[in-house]
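Trainee: Provided below for reference: sequence and predicted model.
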Amino acid sequence: MSNKTAIATPDAPAAIGPYSQAIRIGDLLFTSGQIGLDPKTGEVVAGGIEEQTVRVLENLKAVLAEAGLGLENVIKTTVFLQSMSDFAAMNAIYATYLAPEGVVPPARSTVAVAGLPKGVLVEIECIAK
C-alpha cells in the first residue's frame, strides 16, 4: 500500500508500541483508539468518565487536526466502555463534540469490554473523511 501514510502529533499521546496514532489511505483517515491520557504527562487524567471522555475526544481532535480534518469529518466511531453504566455520561459529552446542532452525527458502535489499557473507563476510535 504505497498510499498508506502515518499521522502523528505531539498534541495527542504518543503511540507506545507498533501502531500509529492514525493512518491515511486515500481520502480516509483511520485513528487508533484514544484513551484519557494527558499528552503532556502520559498519565490518565484525574476524575471519572466525564473527564476521561473529554480528554479522549480532545486527543482525537488533535490527531484529526494534524491530518487537516475536524470532528465534523468523522463518519464512524467505535466506543469501548469498561461499564455500560457510564454510557449516559459518556454520550452527553460525545454529543457536544460529535453531534452539535447542524452536524450530521457519525455512525457509531458502543461496546462494553472486560478491560482497557491503564484501567481507563473509555476508549474511542474513528474513521474520518
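Mentor: Sure, I can see it.
Trainee: ok, and for the longest helix out of those in the chain, which residues are buried?
Mentor: Ranked by residue count under DSSP state H, the longest helix found in the chain is helix 49-66. The neighbour-count check on helix 49-66 (16 or more other C-beta atoms under 10 Å) flags 49, 52-64, 66 as buried. (C-beta placed from N, C-alpha, C; glycine too.)
Trainee: That helix packs against which elements?
Mentor: Secondary-structure packing of helix 49-66 (3 or more C-beta pairs under 8 Å, 6 or more residues apart in numbering; DSSP states H and E): strand 22-25, strand 28-31, strand 34-35, helix 87-98, strand 122-128.
Trainee: would you list the ones you listed in CSV and tack on mean neighbour count and distance to Glu43?
Mentor: As requested, the helices and strands packed on helix 49-66 are exported to CSV (neighbours: other C-beta atoms under 10 Å; distance: least, C-beta to C-beta, whole Å):
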stretch, mean neighbour count, distance to Glu43
strand 22-25, 18, 22
strand 28-31, 19, 21
strand 34-35, 24, 11
helix 87-98, 16, 20
strand 122-128, 23, 16
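Trainee: Which among those is found nearest to Ser109?
Mentor: Nearest to Ser109 among the helices and strands packed on helix 49-66 is strand 122-128; the distance by C-beta to C-beta comes to 10.1 Å.
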